[in-house]
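Q: Sharing a model prediction with you, sequence too.
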Amino acid sequence: MAAAVEWIIAQVADGKPPLTKQEQVEVGMVYLVLILLLTLGLLAWVVIANTARSRRRKAESQRKAHEKPAPKEVDVWEEAARRVRTPTSSELEDTAVATPPQGATAVVRPSPVSGRPSVLITGAAKRVGRAIALRMARAGCDVFFTYHQSGEEAESLARELSGLGSTGSFHQVDLMDGAAIEDFARDLSSSLTKLDVLVHNASVYSASPLQDLMLEDVVRQYHVNAAAPLVLTARLAPLLMQSEMRGGASVIAFTDIHSMGRPRKDFSAYSMSKAAVTEMVYSLARDLGPEVRVNAVAPGVVAWPEDGNDADPEMQRKYVRRIPLGRPGTPEDAAEVVRWLAFDATYLTGEIIRVDGGRWLT
């Protein structure tokens with residue numbers, strides 16, 4: 001082979017005669033070795049290049065994984081209005097609810113992950129509050145409610161709600177007791193992850209003729225009717241902010257058409273407290289928006305008082321004669337407006353809805 005290499009060099013240099021057969025074989029082997037070496041070198045270069053490229057890609061991937069993405073520019077109007085859609089009340093009503101087993105307790109522990117809207121109603125054991133609780137349960141909600149002294153009625157309502165599929169609970173709360181309000185709000189916040197609807201229904205209603213006016217009664221009506229709803233809303237605001245309802249969470253208070261420029265004689269303490277509720281609605285609508293809507297229902301009569309002058313049939317007939325629709329309202333009338341405000345009135349906040357059959361006009 002050495003001779004073949006020398007011949008190649010000499011052939012190039014001096015133009016010597018052709019090789020012998022032995023020398024030709026040796027020259028062929030030289031060429032073959034050179035081609036093999038070149039091929040191996042090329043393959044080695046490809047492997048090294050691919051390895052380096054893979055390492056660079058891996059390093060780039062790791063770098064990107066540790067980098068925080070640049071913040072996206074957000075349209076504040078679009079973001080403020082964005083909500084996760086939940087079923088409408090009509091859709092919820094069409095969905096069958098499971099009936100609890102026979103003998104099941106009326107107090108069922110909260111189910112924060114049930115996916116159903118959660119509703120809290122104060123003073124719901126009787127009358128208008130009871131009608132609201134049943135209406136909201138039929139709309140597919142888990143209903144939580146408070147009561148003060150009507151224990152038997154509260155247990156009866158809880159059984160009805162359980163039969164409608166509600167997995168809420170009921171609580172005895174004295175709204176005159178500030179510590180009790182704080183304890184209740186704290187306990188509810190520890191059991192729920194969100195609250196979709198808060199209805200301030202509990203109310204004190206009594207006459208206050210000036211000759212018999214007592215400071216204690218004025219403070220009592222203001223405390224229950226206005227101050228307690230404000231404090232309770234403030235404490236539960238973090239839960240309300242977690243609502244994923246279309247349009248956001250809803251706070252609904254009860255005021256009265258006779259505290260809105262149509263005062264009745266001898267009800268100054270009550271009218272003052274309900275007028276404060278109206279102002280509370282206006283203020284909270286600004287404080288809690290856009291995540292929470294705040295509105296109020298202002299009845300004329302949707303349930304006659306059980307005692308006092310307003311329980312007199314003759315007085316009731318005189319009042320009804322001034323109602324353009326010719327009849328008093330019912331608890332169910334008020335309950336339906338509450339349902340509408342909670343689920344359908346998604347662009348309404350800071351509004352007072354009169355439910356009076358037209359009595360305001362007369």
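A: Now that the structure is in, tell me what you want to look at. Residues are numbered from 1 along each chain as shown.
Q: A strand includes R354, no?
A: Yes - the assignment for R354 is a strand, going by DSSP: H, G, I helix; E, B strand; the rest coil.
Q: Contact partners for the closest residue to it other than its chain neighbours?
A: Among residues not flanking R354 along the chain, A298 sits closest, at 4.8 Å (C-beta to C-beta, 6 or more residues apart in numbering). C-beta coordinates here come from the backbone N, C-alpha and C atoms, glycine included. Contacts here follow C-beta atoms under 8 Å, 6 or more residues apart in numbering; on that basis A298 touches 254-257, 259-260, 278, 352-356.
Q: Could you export these as CSV, including pLDDT?
A: Listed next are these as CSV, based on pLDDT from 0 to 100:
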residue, pLDDT
F254, 98
T255, 97
D256, 96
I257, 95
S259, 94
M260, 94
T278, 97
I352, 98
I353, 98
R354, 97
V355, 97
D356, 95
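Q: now these in JSON lines, with neighbour count?
A: JSON lines is the format used below for those (neighbours: other C-beta atoms under 10 Å):
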{"residue": "F254", "neighbour count": "26"}
{"residue": "T255", "neighbour count": "28"}
{"residue": "D256", "neighbour count": "28"}
{"residue": "I257", "neighbour count": "19"}
{"residue": "S259", "neighbour count": "21"}
{"residue": "M260", "neighbour count": "17"}
{"residue": "T278", "neighbour count": "18"}
{"residue": "I352", "neighbour count": "16"}
{"residue": "I353", "neighbour count": "19"}
{"residue": "R354", "neighbour count": "19"}
{"residue": "V355", "neighbour count": "19"}
{"residue": "D356", "neighbour count": "24"}
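Q: ok, and the closest non-adjacent residue to E332?
A: In space, E332 is closest to A131, 5.3 Å off (C-beta to C-beta, 6+ apart).
Q: about what we covered before: SS state for the residue nearest to R354?
A: Under three-state DSSP, A298 comes out as strand.
Q: Check H171 too.
A: Secondary structure state of H171, per three-state DSSP, is strand.
Q: Quick check: the gap between it and F144.
A: To F144, H171 is 7 Å away according to C-beta to C-beta, to the nearest Å.
Q: more crowded one of these two?
A: The neighbour count for H171 versus F144, taken as other C-beta atoms under 10 Å, is higher for F144 (25 against 18).
Q: Enumerate every residue touching R359.
A: Contact partners of R359, counting by C-beta under 8 Å, 6+ apart, are 257, 300-301, 319, 322-324.
Q: Among the residues you listed, the buried ones, what's the ChimeraX command?
A: A single ChimeraX command selects the buried members of the contacts of R359 (16 or more other C-beta atoms under 10 Å):
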select :257,300,301,319,323
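Q: if we take the contacts of R359, which one ends up nearest to R127?
A: Nearest to R127 among the contacts of R359 is V301, at 11.9 Å by C-beta to C-beta.
Q: Just the mean pLDDT for the strand or helix carrying L37, thanks.
A: Using DSSP states H and E, L37 sits within helix 21-66. The average pLDDT within helix 21-66 is 77.
Q: now the helices for the chain?
A: In the chain, the segments counted as helices under DSSP state H are 2-14, 21-66, 76-81, 89-93, 127-138, 151-163, 178-191, 215-222, 228-241, 268-288, 313-320, 331-343.
Q: where does the chain have its least confident helix or strand?
A: Of all the helices and strands that make up the chain, helix 76-81 has the lowest average by mean pLDDT, DSSP states H and E, namely a mean of 37.
Q: Go ahead and confirm I257 touches V297.
A: No - taking C-beta atoms under 8 Å as the definition, I257 is not a contact partner of V297, at 10.2 Å.
Q: Give me the residue at the spatial middle of this protein.
A: Centroid-nearest residue in the chain, with C-alpha atoms, centre = their mean: S243, separated by 0.8 Å.
Q: Pretty sure that residue sits against A249.
A: Yes - at 3.6 Å, S243 and A249 qualify as touching, with contact defined as C-beta under 8 Å.
Q: any shared contact partners between the two?
A: Common neighbours of S243 and A249 (C-beta under 8 Å, 6+ apart) are 195-196, 291-292.
Q: shaky segments in the stretch 51-200 of the chain?
A: Flagging of the stretch 51-200 of the chain using pLDDT under 70 yields the residue ranges 64-114.
Q: any idea how this structure splits into domains?
A: 2-65, 92-361 (automatic domain parsing).
Q: Deepest-packed of those domains, please.
A: Highest mean neighbour count of the domains of the chain: domain 92-361, a mean of 18 (counted as mean count of other C-beta atoms under 10 Å).
Q: Now do L38 against P299, distance only.
A: From L38 to P299 the distance is 98 Å (C-beta to C-beta).
Q: before we move on, the earlier item: who are the packing partners of the helix holding L37?
A: Packing partners of helix 21-66 (3 or more C-beta pairs under 8 Å, 6 or more residues apart in numbering; DSSP states H and E): helix 2-14.
Q: Could you give the average pLDDT over the helix it packs on?
A: 56.
Q: before we move on, the earlier item: kindly indicate which of the contacts of R359 lies nearest I121.
A: V301 (20.2 Å).
Q: so what's the closest one closest to, chain neighbours aside?
A: Spatially, and ignoring its direct neighbours in sequence, V301 is nearest to P328 (4.5 Å; C-beta to C-beta, 6+ apart).
Q: Look up phi and psi at the one you found.
A: phi -70, psi 160 (degrees, to the nearest 10).
Q: my guess is it contacts V302, does it?
A: Yes - the criterion here is C-beta under 8 Å, and P328 meets it with V302 at 7.3 Å.
Q: Alright, that wraps it up for me.
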